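Participant: Can you look at this prediction? I've put the sequence above it.
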Amino acid sequence: FSVASVVFVSATSQEIPISQATPRIGGAQSPGPPIVKVVIRQDLNKKIFIALIVSSTLLCITVLFLLYLLLWRYRNPKNSFTGIKGKSDSVKSSVSTKPVVHKIDSVTKGTIPVYEYQLLESGTNKFSDSNVLSRGGRGCLYSACLDGKSSVTVKKLDGGGDTDIEKQFENEVDWLAKIKHQNIVSLLGFSVYRQTRCIVYEMMQNGSLESQLHGPSQGAGLTWQLRMKIAVDIARGLEYLHEHCHPPVVHRDLKSSNILLDSDFNAKISDFGYATVLMSQNKNLNRPSEYLLDGKVTDKNDVYSFGVILLELLLGKKSVEKPSTEPESVVTWAVPKLSDRANLPNILDPAIKGTMDLKHLYQVAAVAVLCVQPEPSYRPLITDVLHSLIPLLPLELGGSLRIL
Ligand SMILES: Nc1ncnc2c1ncn2[C@@H]1O[C@H](COP(=O)(O)OP(=O)(O)OP(=O)(O)O)[C@@H](O)[C@H]1O
């Protein structure tokens, strides 16, 4: 950065007033050789320097802003929060959505799409009865076709003002947005519109394990091998929650109605409304599970529930039978009978009688009995359960059994 510089100026120059201050040689007016003048340019250079700094800073800010905008648009595709704008109703929806949406951790991180309520409404023929897949206490489940694409499932929860429903909704969306696994149902998005909450899931064409086992077909569609595949799939999903999530996640509401089956009978765990992280000192359950025996939340609660599902798969009995007299759990009914394994073929689900290797049957029953032990610390880890079931499942179904 030079302090001074030499400027060559023509004697006839009009534009440089400095020349007026320069003494003329001999006072003559005739054009002579160029006059050499020294001009101090410190001020000029300073100004250029400042201008350069300001303009390059502005340029940097603009480039960074454009990059951020591009990134944000990339992470929030078509159906994202930006989609809730435009039509008058949609604007209302965005007004009521924002407080709820920002409570949901993952939405603020932009990982799941927020659907326009109107899109779900048209995709379900205005939530028509002909689209109802199931009716529950908290709302209904609909099949839907969004944008003419493949079918999805929409759970519509009415009564968003109800804090219990609100909590379950937020919990379910938050967990499913974070957890991605082949044996856990996929969340596709959600919507919040006035008091209505909707959750969009992948379609599970074969419904729940409960409806397959205890519905009209009474388990006829589930062969022994399929039952083993379902058990292994559930154990894989649970192993992911207990062993591969940090911190570990406990489902707390595992039951056959929350196990869903796709078109190929791949089983996936659903309903994370009561899921929580595993904390050693967590003694306060909002809602004690019907299987919970000690009031503490541990991964062993899920192992117990898994044992109950295994008993349902073997015996074809409901987890809790509700005859006219006292309701009876499948555990209290089956465990005393299973103390003598010779009884097993007699109490087996008639739909699979005589279709399996007896040694395999005894092994699965032994695993089920271990899982439902009253003392949680005696129950096996889900990883151990998984590794004792894999050798009983044929190779082509994801196990390690070679059938010759
Ligand atoms: N993604 C899905 N695809 C197909 N069917 C489903 C899907 N999700 C749920 N279902 C069916 O709807 C039933 C009810 O599921 P839902 O999760 O709504 O239960 P719920 O009303 O929460 O009841 P609960 O709390 O007792 O589990 C399931 O048992 C299953 O048959």
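Facilitator: Received, thanks.
Participant: next one: phi and psi at residue 200?
Facilitator: The phi and psi values for residue 200, taken as degrees, to the nearest 10, are phi -110, psi 130.
Participant: What are the neighbouring residues in contact with it?
Facilitator: When contacts are counted by C-beta atoms under 8 Å, 6 or more residues apart in numbering, residue 200 is found next to 115, 120, 144, 146, 152-155, 187-191. Placement of C-beta: from N, CA and C, glycine included.
Participant: Among those, which ones lie close to the ligand?
Facilitator: 153, 155 (C-beta under 6 Å from any ligand atom).
Participant: Point out the least confident one among the contacts of residue 200.
Facilitator: Lowest pLDDT within the contacts of residue 200 is found at residue 146 (89).
Participant: so what's that one closest to, chain neighbours aside?
Facilitator: Spatial nearest neighbour of residue 146, chain neighbours left out: residue 123 (4.5 Å); criterion: C-beta to C-beta, 6 or more residues apart in numbering.
Participant: residues in contact with that neighbour?
Facilitator: 144, 145, 146, 147, 152, 154.
Participant: before we move on, what about residue 241?
Facilitator: 179, 184, 248, 249, 250, 251, 269, 275, 302.
Participant: Would you mind giving the residues you listed as JSON lines with pLDDT and distance to residue 337 added?
Facilitator: Shown next, in JSON lines, are those (pLDDT from 0 to 100; distance: C-beta to C-beta, whole Å):
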{"residue": "179", "pLDDT": "92", "distance to residue 337": "37"}
{"residue": "184", "pLDDT": "98", "distance to residue 337": "33"}
{"residue": "248", "pLDDT": "93", "distance to residue 337": "34"}
{"residue": "249", "pLDDT": "94", "distance to residue 337": "34"}
{"residue": "250", "pLDDT": "95", "distance to residue 337": "30"}
{"residue": "251", "pLDDT": "95", "distance to residue 337": "28"}
{"residue": "269", "pLDDT": "98", "distance to residue 337": "28"}
{"residue": "275", "pLDDT": "91", "distance to residue 337": "33"}
{"residue": "302", "pLDDT": "97", "distance to residue 337": "25"}
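Participant: now these: which count as buried?
Facilitator: Among these, the ones that count as buried by 16 or more other C-beta atoms under 10 Å are 179, 184, 249, 250, 251, 269, 275, 302.
Participant: which residues does the second one form a beta bridge with?
Facilitator: So that's residue 184. Per DSSP bridges, the residues bridged to residue 184 are residue 269.
Participant: Double-check it against residue 237; I have them as touching.
Facilitator: Yes. Residue 184 sits in contact with residue 237 when judged by C-beta atoms under 8 Å, with a separation of 5.2 Å.
Participant: any residues in contact with both of the two?
Facilitator: Here residue 184 and residue 237 have 268, 269 as joint contacts, going by C-beta under 8 Å, 6+ apart.
Participant: Which residue does the stretch 251-400 of the chain have closest to the ligand?
Facilitator: Relative to the ligand, the nearest point of the stretch 251-400 of the chain is residue 257 (4.0 Å; C-beta to the nearest ligand atom).
Participant: from the chain, which residue is nearest to the ligand?
Facilitator: The nearest approach of the chain to the ligand comes at residue 136, 2.5 Å away (C-beta to the nearest ligand atom).
Participant: which parts of the chain sit against the ligand?
Facilitator: 133-134, 136, 138, 141, 153, 155, 185, 201, 203-204, 207-208, 210-211, 257-258, 260, 270-271.
Participant: Kind regards, and thank you for your time.
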